[in-house]
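**Student:** Fold the following, please.
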Amino acid sequence: MTGPLLAADLVTLAGRGWSRAAVAELLAVHAIRRRELSEEACERLRLWAAKLRTAFTARSVPERIEAINALLAVGTSHAYLTTHDELRPHLHFAAENDDLVARVQAVTAGGLAIFSVEAEGARLGACERDGCPAVFVDTSRNGRRSYCSTTCGNYEAVRRHRATARAGGIS
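**Tutor:** Presented below is the predicted three-dimensional model:
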């Protein structure tokens with residue numbers, strides 16, 4: 001789940017206030033190895049985050065597949081199975097000696113592809129609250145998540161309630 005979760009966090013961060021320190025923190029949280037982050041690498045990751053957004057905002061499975069295939073074409077070099085750092089066997093989509101940006105592109109593109117196979121092309125989304133830039137990986141039981149958080153869901157529920165009350169003359 002590192003790939004899709006990192007992708008969602010990068011996209012959301014790009015919409016909320018991108019900074020080198022915040023990106024470095026995200027890379028650490030997601031256990032990205034060798035995460036030396038130059039200003040140039042930070043800017044390249046910001047541009048990549050904009051491309052990642054397309055996978056989360058796709059309106060149909062074919063559109064999502066097209067978006068992820070475009071990410072795979074740019075973000076991966078070659079796939080191979082590996083074990084390291086006492087981890088279970090897992091796939092890598094870039095060479096071990098690639099730079100930070102190439103490795104992040106590979107883990108996010110490859111992770112989104114694997115997740116989408118398992119989720120049958122669904123379960124990636126963008127928060128439906130107006131003005132919220134967040135995206136998410138839907139791991140809910142029913143797969144019908146619409147908001148990035150309970151806070152956004154509650155905000156929208158209150159907004160709808162107030163709109164209904166105003167329309168009906170209820171204060």
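**Student:** Could you list the buried residues of the helix or strand of the chain with the lowest mean pLDDT?
**Tutor:** Of all helical and strand segments in the chain, the minimum by mean pLDDT, DSSP states H and E falls on strand 90-92, at a mean of 83. For strand 90-92, a neighbour-count test (16 or more other Cβ atoms under 10 Å) marks His92 as buried. Where C-beta positions appear, they are placed from N, C-alpha and C, glycine not excepted.
**Student:** what helices or strands is the very next helix or strand once past it leaning on?
**Tutor:** Sequence-wise, the next helix or strand downstream of strand 90-92 (DSSP states H and E) is helix 100-118. Packing partners of helix 100-118 (3 or more Cβ pairs under 8 Å, 6 or more residues apart in numbering; DSSP states H and E): helix 2-16, helix 39-57, helix 61-75, strand 90-92, strand 124-126.
**Student:** follow-up on the earlier one: what's the least confident helix or strand of the chain packed up against?
**Tutor:** Right, strand 90-92 is packed against strand 80-82, helix 100-118 by 3+ Cβ pairs under 8 Å, 6+ apart.
**Student:** Neighbouring strands - and their directions - for that strand?
**Tutor:** Each strand paired with strand 90-92, and its direction, by DSSP bridges: strand 80-82 (antiparallel).
**Student:** ok, and for the partner strand, which residues are buried?
**Tutor:** Buried-residue list, strand 80-82, by 16+ other Cβ under 10 Å: empty.
**Student:** With stretch 19-26 instead?
**Tutor:** Buried, per 16+ other Cβ under 10 Å, within stretch 19-26: Val23, Leu26.
**Student:** Please put the alpha-carbon coordinates of it into CSV.
**Tutor:** Output of stretch 19-26 as CSV, limited to C-alpha atoms (Å, rounded to 0.1, in the frame of the first residue of the first chain):
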residue,chain,number,x,y,z
SER,A,19,7.0,22.7,0.9
ARG,A,20,10.3,20.9,0.9
ALA,A,21,10.0,20.2,4.6
ALA,A,22,6.5,18.7,4.2
VAL,A,23,7.6,16.5,1.2
ALA,A,24,10.6,15.3,3.2
GLU,A,25,8.3,14.4,6.1
LEU,A,26,6.0,12.5,3.8
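**Student:** Quick one: mean pLDDT for it?
**Tutor:** For stretch 19-26, mean pLDDT is 97.
**Student:** now stretch 4-15
**Tutor:** Mean predicted lDDT for stretch 4-15 stands at 98.
**Student:** coming back round to it: out of the helices and strands packed on strand 90-92, which is closest to Glu63?
**Tutor:** Of all the helices and strands packed on strand 90-92, helix 100-118 sits nearest to Glu63, with 11.7 Å by Cβ to Cβ.
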